[in-house]
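Peer 1: Fold the following, please.
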Amino acid sequence: MITNEQVIQNIKDWFGKNKITKAVINISGGADSTYVAWVLVKALGKENVIGLLQPNGEQKDISYAKQVVELLDIKHNIINIKCQYDNTMENISDKSVFTNETGVYNAKINIAPRLRMVNAYAVANAVCGAVVGTGNASERYIGFFTKWGDGACDFNPIKNICKTDLIQMGLELGIPEKLICKTPSDGLTGLTDEQKYGFTYKVLDEYIKTGKCDNEEIKEKIDRMHKNSRHKFEEI
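Peer 2: Residues are numbered from 1 along each chain as shown. Predicted coordinates for the structure are as follows:
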């Protein structure tokens, strides 16, 4: 398993190779963005990390994200995307187009992550920095991210780290348990990740690593999700 030291060195190597000093990261308060913010500060120094907190209206758990930036003492901006989101929805709400309920649902939940990434790249451009991703290997395997939204970035230091490993690594790094062990949720649907999946990260990660899954129904579901989402991470 990859170590925290290797992750930190990989960050130093990437930023050094590309001659970039500033890192911009969307911080939700979940384990993934918390861990990435932590290792960025370790690798680049707190003065070179900019955190963006981007609620869509009211975010009930934004206090977790605020704790992260305060504990790390990094520069941060709070950008409420509600106006952007509402304007986008209003501009595309042509009844002749929005006839498929599933399509409408998918449109609504994917707009916010894409708007957040628009803002992240605007800030990164302004400071001549890079946008750092926060998607783990477990989510990537089953396509649990928004294409050109939270899946977009210049560099992702945890793309090969499974969720259960990341939590353990975060604890070893000294991240407070209440932050790194926070129940994973997408912040969009009101459900936890595992409620949406229909299986746990432990089961998923075991299958990714070993190919073993005792429940045939869950195995088939994971395989189907992986197959159906390959367009999200294969080269165009």
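
Peer 1: got the phi/psi numbers for Met169?
Peer 2: phi -60, psi -40 (degrees, to the nearest 10).

Peer 1: wait, what's in contact with Gly29?
Peer 2: Counting by C-beta atoms under 8 Å, 6 or more residues apart in numbering, Gly29 makes contact with 61-68, 179, 182. C-beta coordinates here come from the backbone N, C-alpha and C atoms, glycine included.

Peer 1: next one: Asp205
Peer 2: By C-beta under 8 Å, 6+ apart, the contact list for Asp205 reads 138, 162-165.

Peer 1: Nearest residue to it in space, please, no chain neighbours.
Peer 2: Distances taken as C-beta to C-beta, 6 or more residues apart in numbering put Cys162 closest to Asp205, at 4.2 Å, once the chain neighbours are dropped.

Peer 1: Mind giving me the packing neighbours of the helix or strand Val123 falls within?
Peer 2: Counting by DSSP states H and E, the element that carries Val123 is helix 101-126. When contacts are defined as 3 or more C-beta pairs under 8 Å, 6 or more residues apart in numbering; DSSP states H and E, helix 101-126 packs onto strand 23-26, strand 49-53, helix 82-91, strand 130-131.

Peer 1: surely Gly151 meets Gly133?
Peer 2: Yes. Counting by C-beta atoms under 8 Å, Gly151 does reach Gly133; the two are 7.4 Å apart.

Peer 1: neighbour-wise, which of the two wins?
Peer 2: Gly133 (25 against 21; other C-beta atoms under 10 Å).

Peer 1: Report pLDDT for that one.
Peer 2: Listed pLDDT for Gly133 reads 98.

Peer 1: Can you mark which positions in the lowest-mean-pLDDT helix or strand in the chain are buried?
Peer 2: In the chain, no helix or strand scores lower on mean pLDDT, DSSP states H and E than helix 193-197, which sits at a mean of 86. Within helix 193-197, the residues that count as buried by 16 or more other C-beta atoms under 10 Å are 193-194, 197.

Peer 1: ok, now stretch 57-71?
Peer 2: Applying 16+ other C-beta under 10 Å to stretch 57-71 flags 59, 62, 64-66, 68-69 as buried.

Peer 1: what do you get for stretch 107-117?
Peer 2: Neighbour-count burial for stretch 107-117 [16+ other C-beta under 10 Å]: 107, 110-117.

Peer 1: Having no further points to raise, I will conclude here.
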